[in-house]
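Asks: Provided below are the primary sequence and the corresponding predicted coordinates.
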Amino acid sequence: MWFIPSYVIILFITIFIDYYAAIHIEESESKIGKKKHLIIGIVNTCIVLFFFKYYNFFVDNLNYLGFTSIKHWDIILPIGLSFHVFQSLSYVIEVYRGNIRAERNLLIYSNFVMMFPQLVAGPIERADNMLPQLRDNQNKVSYTDFSIGFGRFFWGLFKKVAVADVVSQYVDAVYNNYLHHSGSTLLLATFLFAIQIYCDFSGYSDMAIGVARMLGFKFKENFSIPYFSKSVTEFWRRWHISLSSWLKDYIYISFGGNRKGTLITYRNLLLTMLIGGLWHGASWNFVIWGGLNGIYLSFEKLLNISMDNPKNIIVKLLRIGYVFVAISFTWIFFRASTLSQAKYIAYKIITDLSPAKFNSLSTSILLSITISLLLLLLFEFFLFRKHSFDKIYLMKHGKKYLNILTIFFIIYVLLNGNFNGAQFIYFQF
C-alpha cells in the first residue's frame, strides 16, 4: 500500500474470494458443491495472479508465434503477490480436504493472509499453524519470545548485509558485463551467486521469523543448511521449505505423485518443477531453471539416490560437491536477465575455463567475503545444525550466549555490512 496505495485492493480481493469460497465449501453438503466452490476460489484467485504477473508474458509469446498483435499492459507487479496468493490458496484447499475448519472471523482470516513479516517474501505459512495462534486471545509476547526473535532477526540481517550484499558486488560486476569476462570468472561469479541468493533469501526468512517471534508468533522454518545436502532431492527438502512443501502437497500429489507408475512419477516431478519455475517469474529463464531441477529429481529417482545418506565421508563430500555444482548451474538461468545471456554464460563456462583468463576479486572484497563466509559456516553448520535459537536459549547460561551472539551480529554488520540499499531478491516474486 505504501508502494502503490490502490494495490491494497488486490490483497482485499484475494482475501474475500477465498474467505467466502472456504465457507461455502464447508457448508455444501454434496461433493459436487464443494468442488464447485473450490474451483471458483482457485480460478478467481489465479486470475488475479495471471492478470498482474503473467499477462504480458503470454502476450509476448502469442505475438512471437504470430497469433496476435496485442500490446503490452504497462503495469508494475504488486510486491509479494505470489506469496499471499499461494498462502490463500492452500487455506481453501485444506478446507476442501477437510483438514481444517473454515475461519468465520474475517479479521482473523485477513490477519492470516496479511501477516506483515512474511507477506512480501515468505515463508508461505499454513493455516493450521497460524490460525490457532491468531485465535488465541491470550497470546502475549514473553521475554523469551522477544529475546529469541531479536537474536534471530540480527542473524538474518548478518546474512543479508554482511554476506549477500558483500558478495553481490562481485556477482553484479561480472553478470552485468558478462561479455567481457572469461568462463573462469563467470564460474566464480555463479558460485558466489549461489551463496548470495541463499543468504539473501534465508536472511529475509530469518528476519521475518524473528520479527514474528518478537510479536509472539511462531513461523515454520524455511531453510535447513541446503548446500550440505547429499542429493538434489534432499536439497529441495531443505531449500525454501514452505514453497517446496506447497508444490509437493498441492501440485505433485494432485497430479498423482508416485502412485501411477514410474513414467508418470517422472512426468509429475517435471511438471511440478516447471510450475515452480513459472511461479518465480514470467520468463523462460525461470521455466528452464525449474525444468532442470525437475530433470535432476527424476534422474536421482531413476538411480535410487534421492534420499540415501552415504556413510563414507569421502563419498558424502563428493555428493555435497555434486549438489552444489548442479544447483549452481541452474542459478545461471535464475540470475541472467535474458535467455540469450544465460546460454552465453553457460557456454562460456563449459568452453573457457582457463585460469590464465581469471579476473580475481579485489583484496578488500576477497578478505570481506572470506571472513563473512567462514563466520556463516561456523554459525550455520557447527552451531545451528544441532542447536536452534530456542535450544541455545534453554541451555545452561543460554540467555548469556544468545545475547553475546546477538551483540556480535550487530557489531559485525555495522563494521562489515554493505549498506547499499540492495533489494531482497525475492521481492520481485
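Replies: Structure's in. What do you need? Numbering: from 1, shown residues only.
Asks: ok, now which ones touch the residue most central in space within the chain?
Replies: Closest residue to the average C-alpha location of the chain: His240 at 4.1 Å, with C-alpha atoms, centre = their mean. By C-beta atoms under 8 Å, 6 or more residues apart in numbering, His240 lies in contact with 122-123, 201, 222-223. For every residue, glycine as well, the C-beta is placed using N, CA and C.
Asks: any chance of those residues in JSON lines, plus secondary structure and distance to Leu179?
Replies: Supplementary listing: the contacts of His240 in JSON lines, determined by DSSP: H, G, I helix; E, B strand; the rest coil; distance: C-beta to C-beta, whole Å:
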{"residue": "Gly122", "secondary structure": "coil", "distance to Leu179": "34"}
{"residue": "Pro123", "secondary structure": "coil", "distance to Leu179": "37"}
{"residue": "Phe201", "secondary structure": "helix", "distance to Leu179": "28"}
{"residue": "Asn222", "secondary structure": "coil", "distance to Leu179": "36"}
{"residue": "Phe223", "secondary structure": "coil", "distance to Leu179": "34"}
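Asks: If any of those are buried, give me the ChimeraX selection for them.
Replies: Applied in ChimeraX, the following selects the buried portion of the contacts of His240 according to 16 or more other C-beta atoms under 10 Å:
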select :122,123,201,222,223
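Asks: Closest one to Phe3 out of the contacts of His240, please.
Replies: Compare each of the contacts of His240 with Phe3 using C-beta to C-beta and the shortest gap goes to Gly122, at 17.7 Å.
Asks: wait, doesn't the closest one sit right on Ser202?
Replies: No - the criterion here is C-beta atoms under 8 Å, and Gly122 misses it with Ser202 at 10.4 Å.
Asks: overlap in contacts of these two?
Replies: A shared contact of Gly122 and Ser202, defined by C-beta under 8 Å, 6+ apart, is any residue touching both; here these are Asn222.
Asks: Out of the helices and strands in this protein, which is least certain?
Replies: Using mean pLDDT, DSSP states H and E, helix 363-377 stands out as the lowest-scoring helix or strand of the chain, at a mean of 80.
Asks: what comes up buried for that one?
Replies: Applying a neighbour-count criterion of 16+ other C-beta under 10 Å, the buried positions in helix 363-377 are 365, 368-369, 372-373, 375-376.
Asks: Distance to Thr338 for those - can I get that in TSV?
Replies: Formatted as TSV, the entries for the buried residues of helix 363-377 read as follows, by distance: C-beta to C-beta, whole Å:
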residue	distance to Thr338
Ile365	27
Ser368	30
Ile369	27
Ser372	30
Leu373	29
Leu375	35
Leu376	31
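Asks: Run through who's touching the least confident helix or strand of the chain.
Replies: Taking C-beta under 8 Å, 6+ apart as the criterion, the residues outside helix 363-377 that touch it are 158-159, 162-163, 166-167, 169-170, 192, 195, 199, 360-361, 412, 416.
Asks: Widest-spaced pair of those?
Replies: Every pair in the contacts of helix 363-377 was compared (C-beta to C-beta); the two farthest apart turn out to be Phe158 and Ser360, at 25.6 Å.
Asks: quick one: which of those two has more around it?
Replies: The neighbour comparison of Phe158 against Ser360 (other C-beta atoms under 10 Å) goes to Phe158, with 27 against 11.
Asks: Excluding chain neighbours, give the residue nearest to that one in space.
Replies: The shortest distance from Phe158 to any residue other than its chain neighbours is 4.5 Å, reached at Phe409 (C-beta to C-beta, 6 or more residues apart in numbering).
Asks: List of residues touching the host helix or strand of that neighbour?
Replies: With elements taken from DSSP states H and E, the one containing Phe409 is helix 398-416. Counting by C-beta under 8 Å, 6+ apart, the neighbours of helix 398-416 from elsewhere in the structure are 147-148, 150-151, 154-155, 157-158, 161-162, 166, 368, 371-372, 375, 379, 389, 391-393, 395.
Asks: okay, the angle between it and helix 363-377?
Replies: Orientation note: helix 398-416 sits at an angle of 160 degrees relative to helix 363-377 (axes from the mean of the first three to the mean of the last three C-alpha atoms, to 10 degrees).
Asks: about what we covered before: pull the number of nearby residues for the residue nearest to Phe158.
Replies: For Phe409, the count of nearby residues is 23 (other C-beta under 10 Å).
Asks: what's the spacing between it and Gly210?
Replies: 11 Å (C-beta to C-beta, to the nearest Å).
Asks: Please give me every residue in contact with the spatially closest residue to Phe146 that is not a sequence neighbour.
Replies: Closest residue to Phe146 in three dimensions, ignoring its sequence neighbours and counting by C-beta to C-beta, 6+ apart: Met214, at 5.1 Å. The contact partners of Met214, by C-beta under 8 Å, 6+ apart, come to 141, 145-146, 149-150, 153.
Asks: Quickly note the distance from Met214 to Tyr143.
Replies: Taking C-beta to C-beta as the measure, Met214 and Tyr143 are separated by 11 Å.
Asks: Over to Ile369?
Replies: As for Ile369, its distance to Tyr143 is 36 Å (criterion: C-beta to C-beta).
Asks: One more: Asp136?
Replies: The spacing between Asp136 and Tyr143, counted by C-beta to C-beta, is 18 Å.
Asks: what's the answer for Ser328, then?
Replies: From Ser328 over to Tyr143 the distance is 42 Å, taken as C-beta to C-beta.
Asks: Can you pick out the residue with more neighbours from the two?
Replies: Ser328 (18 against 8).
Asks: low pLDDT regions in the chain?
Replies: Across the chain, residues meeting the criterion (pLDDT under 70) sit at 137-139, 306, 356-364.
Asks: domain parsing for it?
Replies: Domain assignment of the chain by automatic domain parsing yields the ranges 5-135, 144-230+309-428.
Asks: for those domains, which one sits closest to Arg259?
Replies: With C-beta to C-beta, the closest approach to Arg259 among these belongs to domain 5-135: 16.3 Å.
Asks: distance between the ends of that closest one?
Replies: Distance between the two ends of domain 5-135: 29 Å, counting by C-alpha to C-alpha, to the nearest Å.
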